[in-house]
Each structure stands twice: as C-alpha cells, then as structure tokens.
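Peer 1: Model the following, please.
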Amino acid sequence: MGELPLDINIQEPRWDQSTFLGRARHFFTVTDPRNLLLSGAQLEASRNIVQNYRAGVVTPGITEDQLWRAKYVYDSAFHPDTGEKVVLIGRMSAQTPTVVFWQWVNQSFNAIVNYSNRSGDTPITVRQLGTAYVSATTGAVATALGLKSLTKHLPPLVGRFVPFAAVAAANCINIPLMRQRELQVGIPVADEAGQRLGYSVTAAKQGIFQVVISRICMAIPAMAIPPLIMDTLEKKDFLKRRPWLGAPLQVGLVGFCLVFATPLCCALFPQKSSIHVSKLEPELRAQIHEQNPSVEVVYYNKGL
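Peer 2: The predicted model follows:
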C-alpha cells in the first residue's frame with residue numbers, strides 16, 4: 001500500500017457539513033465517550049499524527065481511516081484555537097456521562113464545558129470566571145427551587161419537568177457569562193481560506209445564540225422522555241415491587257438519551273459558522289472592504 005497523499009483536508013470535518021446527516025456523523029465522532037478512556041500517550045500520538053500531516057509529513061504505514069481517527073481524537077481533547085489539552089471534564093465527550101447529576105453539579109460541569117469550548121483565543125480573568133460560575137450555578141438552583149415551589153400542588157408529572165426548565169434557564173445564563181469576554185472583544189473571523197480578518201462581537205453573539213439553542217435542545221430528550229417513562233412505570237407493579245430500581249433506571253434513561261442528543265444537537269449548526277460581511281460592525285466591515293473587497297462572507301468557530 002502506497003503512502004497517503006497530502007491533499008486530504010483534515011482541517012475540515014470528514015463529512016459534508018452543509019447537511020444535517022454529515023454534521024451528525026461528525027459530532028457522533030467528536031462526542032464519543034470512549035475518547036475519555038484514551039491515555040495521555042494515545043492522545044499525544046494522535047496529536048503528532050495530525051500535526052505532522054499538516055506539516056507535510058505522513059506517518060509511515062498509516063491509512064486514511066487511521067488519519068481521520070487521529071484527527072477526531074485530537075479534536076476531542078485539544079482546543080481548536082489554542083491547541084491546549086482540555087481538562088477531562090470539559091471535553092464535549094464528557095457531557096453524556098457527567099450531565100446526569102443534580103443541578104449544582106450539572107451547572108458546574110456546564111461552566112467548565114462552556115469555558116473549554118468557547119470560541120477564539122481571548123483569555124478570561126479569574127474574577128470573570130468566578131462571577132460567571134457563581135451566577136450560572138446560582139441561577140440554575142434558584143430556578144429549580146422556584147419552579148418546584150410553584151408546582152407543589154400540581155400533578156407529580158409536572159414536577160418532573162422542573163429540571164428541564166432549570167437547565168434551559170441556566171444555559172441562557174451560563175453560556176453567555178462563561179463566554180462574556182467574546183461579547184466584549186469579539187471572536188476571530190476569517191475568509192474562506194482561513195486568513196484572519198479581525199474580531200467581531202456580532203459573530204460572537206450569533207455563535208453564542210446558536211450554542212444556547214443547541215444546548216437547550218440537547219436537554220429536551222433527557223429531561224422530557226425519562227419523566228414520561230418513569231411516571232408510567234411507577235404506576236405499574238414492576239417498579240412498585242422493586243423501588244430500588246427507580247434511581248438507576250432514571251439515570252440510565254437520561255444517559256441513553258444524551259448519547260444521541262449530544263451529537264445530534266451539536267449538529268444543528270455548522271461548527272465553522274458564517275456571517276455576511278454586511279451584518280458585521282461598521283468598523284470591521286469597512287476594514288474588510290478596504291483590505292479584501294471581494295470577501296462577502298466571513299467564517300468563525302462558534303464554539304460548542
């Protein structure tokens with residue numbers, strides 16, 4: 001078998017990102033929980049394969065499938081802009097096994113995920129990070145307690161949907177706060193070839209909005225389907241005779257839903273999002289028109 005050619009574009013996802021199916025296949029691979037079991041040596045080996053290939057050096061004996069596997073392992077563990085290894089709990093592949101805990105743990109986890117998967121390379125101060133974390137977790141818990149008190153006299157089934165409302169509200173707080181630096185200074189925008197053209201707050205707002213929508217949709221199956229199933233099962237003799245099965249069954253249902261919801265909802269919007277130059281800030285728009293008059297659309301990493 002001959003050596004791999006150097007024209008395989010591993011800068012982009014393997015599948016067509018203009019289609020939902022292509023984005024779904026991409027994010028099923030990125031969020032694969034099995035990536036969490038890889039050792040540091042395996043992650044470094046994947047990074048070396050990818051970085052060498054991008055530098056024009058093909059690892060001897062590697063196949064195209066192995067190259068793509070290395071690319072996705074690399075993408076799952078390293079930040080796309082800074083190249084830093086993302087802390088284990090902050091990786092998108094950690095969302096499924098971690099998000100099944102209670103509201104405080106859930107929002108602590110989400111705060112780390114939101115920070116780790118922010119767009120661009122602009123730093124955030126410890127004070128901003130602390131404020132965002134406290135605001136997001138407090139918002140989630142306060143919402144859950146408030147909704148719980150409001151549904152006290154309603155059917156138990158209604159109460160089961162309180163966690164979803166809390167998660168939805170917390171995402172609307174958590175994500176913008178954890179990425180507030182982007183809303184202040186903007187995120188990098190580039191032309192189709194990847195040439196950076198400047199920083200845009202407008203692009204940051206659009207990207208954050210898309211991520212909020214994806215995260216809320218991500219929570220719907222896990223927060224809506226298990227309550228319906230559990231409500232039905234609790235009325236049956238099977239669960240009445242085995243009450244100890246309630247908690248593990250519910251956790252299992254949530255985890256099962258998230259295995260599919262996470263990649264499918266990440267795929268709702270392209271990772272490499274675009275925005276028309278006419279919608280950018282006047283200063284940046286003028287700068288782009290002056291330096292690159294032929295550019296009509298710019299691209300940015302929306303984060304996850």
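
Peer 1: Could you use CA atoms for every contact and neighbour count after this?
Peer 2: OK.

Peer 1: doesn't Gly56 fall inside a helix?
Peer 2: No. Gly56 is assigned coil when assessed by DSSP: H, G, I helix; E, B strand; the rest coil, not a helix.

Peer 1: Pull out the buried positions in the helix or strand containing Val212.
Peer 2: Assigned by DSSP states H and E, Val212 falls within helix 201-233. Within helix 201-233, the residues scored as buried using 16 or more other C-alpha atoms under 10 Å are 201-205, 207-224, 226-227, 230.

Peer 1: the strands in the stretch 151-300 of the chain, which residues?
Peer 2: 187-190, 196-200, 272-276, 297-301 (DSSP state E, counting those that start in this stretch).

Peer 1: Looking at these, which is nearest to Gln66?
Peer 2: Nearest to Gln66 among the strands of the stretch 151-300 of the chain is strand 272-276; the distance by C-alpha to C-alpha comes to 23.5 Å.

Peer 1: so when I look at Arg14, I'm seeing a strand, right?
Peer 2: No. Arg14 is assigned coil when assessed by three-state DSSP, not a strand.

Peer 1: Could you report the separation of it from Asp191?
Peer 2: Noted for Arg14: a distance of 20 Å to Asp191, by C-alpha to C-alpha, to the nearest Å.

Peer 1: so for the helix or strand hosting Val134, what's the average pLDDT?
Peer 2: Element membership of Val134, judged by DSSP H and E, is helix 126-150. The average pLDDT for helix 126-150 rounds to 70.

Peer 1: quick one: contacts of the strand or helix carrying His26?
Peer 2: In this assignment (DSSP H and E), His26 forms part of helix 20-30. With contacts defined as C-alpha atoms under 8 Å, 6 or more residues apart in numbering, helix 20-30 is touched by 13-17, 72-73, 75-76, 92-93, 260, 262-264, 266-268, 270.

Peer 1: Let's have the strands of the stretch 151-300 of the chain in a markdown table, adding distance to Asp7.
Peer 2: A markdown table is the format used below for these (distance: least, C-alpha to C-alpha, whole Å):
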| stretch | distance to Asp7 |
| --- | --- |
| strand 187-190 | 22 |
| strand 196-200 | 22 |
| strand 272-276 | 20 |
| strand 297-301 | 22 |
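
Peer 1: Mean neighbour count for those - can I get that in TSV?
Peer 2: Converted to TSV, the strands of the stretch 151-300 of the chain look like this (neighbours: other C-alpha atoms under 10 Å):
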stretch	mean neighbour count
strand 187-190	24
strand 196-200	18
strand 272-276	16
strand 297-301	22
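
Peer 1: Tell me, how many residues neighbour the nearest residue to Tyr72 once chain neighbours are set aside?
Peer 2: Excluding its sequence neighbours, the residue lying closest to Tyr72 (C-alpha to C-alpha, 6 or more residues apart in numbering) is Val30, at 6.0 Å. For Val30, the neighbour count with other C-alpha atoms under 10 Å is 24.
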